[in-house]
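[1] Dropping the sequence and predicted coords here.
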Amino acid sequence: MTTAVFKHINTDSYTGKPWTKVDGPGSSFELSDHERLIHNIRGKEKEFTTDNSGFAVYNDPAQEKSFTDDKSVRDGYYQEVEDMLKRQIPGIKKVSMPTIEHMP
């Protein structure tokens, strides 16, 4: 049996809207640890959908292989992911991709 500890925002630890700084320490909330059982879903991927699980597993290998050039990732890979999601999820109109800036 495999377990993992997940961190959740403790809703009793703040008032108003929770916030956290992305460029250094500081937040308006505390995190609580929650230990959960981890399941191997290999071979069962099709059972999980955005409707019943909040996520889905797709086998759609990317053209991008190195992920070392930010422009290539932004201009190529992100578009690949958007196109794949539009193919896989019926009725999807807009895909919003969170971006991660790298420190030099």
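    On my side now, so go ahead. Residues are numbered from 1 along each chain as shown.

[2] any low-confidence regions in the protein?
    99-104 (pLDDT under 70).

[3] try 80
    Within the chain, the stretches with pLDDT under 80 are 97-104.

[4] Okay, domains of it per the record?
    Taking automatic domain parsing as the criterion, the chain consists of the domains 1-38, 45-104.

[5] Helices of the protein, start to end?
    70-72, 78-88 (DSSP state H).

[6] Tabulate these (a markdown table), appending distance to V95 and mean neighbour count.
    C-beta here means a position set from N, CA and C on the backbone, and glycine is covered the same way. Output for the helices of the chain, formatted as a markdown table (distance: least, C-beta to C-beta, whole Å; neighbours: other C-beta atoms under 10 Å):
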| stretch | distance to V95 | mean neighbour count |
| --- | --- | --- |
| helix 70-72 | 19 | 11 |
| helix 78-88 | 4 | 14 |
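
[7] what's the closest of these to S32?
    helix 78-88 (31.5 Å; C-beta to C-beta).

[8] Quick check: which of the helices of the chain is nearest to D51?
    helix 78-88 (12.6 Å).

[9] What is the distance between that closest one and the centre of its chain?
    Distance of helix 78-88 from the chain centroid (C-alpha atoms, centre = their mean, to the nearest Å) equals 15 Å.

[10] most remote residue from the chain's center?
    Each residue of the chain has a distance to the centre, and by C-alpha atoms, centre = their mean the biggest one is for T15: 25.9 Å.

[11] Give me the phi and psi for that residue.
    phi -120, psi 160 (degrees, to the nearest 10).

[12] for T50, same thing?
    phi -60, psi -30.
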